[in-house]
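Peer 1: coords please:
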Amino acid sequence: MIVLEITNASEVVASKVGKFIEALTPDSIDHATVEDQVIKKLIENLAAEGIKGEIAAINGLELNGENLSVQKGLKVRKHAAF
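Peer 2: Numbers count the residues shown, from 1 in each chain. Got it, this is the predicted structure:
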């Protein structure tokens, strides 16, 4: 299993749509938007290599160095098989 945490979603959104619009959007929307695009590209690239699997965006997990914490309200936000 691979865990990927995106830590600069707001900066990515700001660079794509501009700082003014980014300031109007909540960070949770920024993170979801960036995660969805990363998932889309990962699926495309992995499928092109013949790799099959599943990928999920999960709310309620926190990565702290080598520790993975489960927070209250753990839920799968998005799931896809490829």
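Peer 1: can we go C-alpha only for contacts and neighbour counts from here?
Peer 2: OK.
Peer 1: which element is residue 40 on?
Peer 2: Under the criterion DSSP states H and E, the helix or strand holding residue 40 is helix 27-48.
Peer 1: Equivalent analysis for residue 56, please.
Peer 2: When elements are defined using DSSP H and E, residue 56 is found to belong to strand 54-64.
Peer 1: Mind listing what's buried along that strand?
Peer 2: Along strand 54-64, the positions that meet the burial threshold by neighbour count (16 or more other C-alpha atoms under 10 Å) are 55, 57, 59, 61.
Peer 1: Centre of the chain to stretch 34-45, how far?
Peer 2: Between the centre of stretch 34-45 and the centre of its host chain there is 8 Å, according to C-alpha atoms, centre = their mean, to the nearest Å.
Peer 1: Just the CA coordinates for it, please, in PDB.
Peer 2: Extracted as PDB, the C-alpha positions of stretch 34-45 are listed here (Å, rounded to 0.1, in the frame of the first residue of the first chain):
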ATOM      1  CA  VAL A  34      -5.700  18.600  -6.300                       C
ATOM      2  CA  GLU A  35      -6.200  15.000  -5.000                       C
ATOM      3  CA  ASP A  36      -8.700  14.300  -7.800                       C
ATOM      4  CA  GLN A  37      -6.300  15.500 -10.500                       C
ATOM      5  CA  VAL A  38      -3.400  13.500  -9.000                       C
ATOM      6  CA  ILE A  39      -5.600  10.400  -8.800                       C
ATOM      7  CA  LYS A  40      -6.700  10.900 -12.500                       C
ATOM      8  CA  LYS A  41      -3.100  11.200 -13.700                       C
ATOM      9  CA  LEU A  42      -1.900   8.300 -11.500                       C
ATOM     10  CA  ILE A  43      -4.600   6.000 -12.900                       C
ATOM     11  CA  GLU A  44      -3.800   7.100 -16.500                       C
ATOM     12  CA  ASN A  45       0.000   6.400 -16.000                       C
END
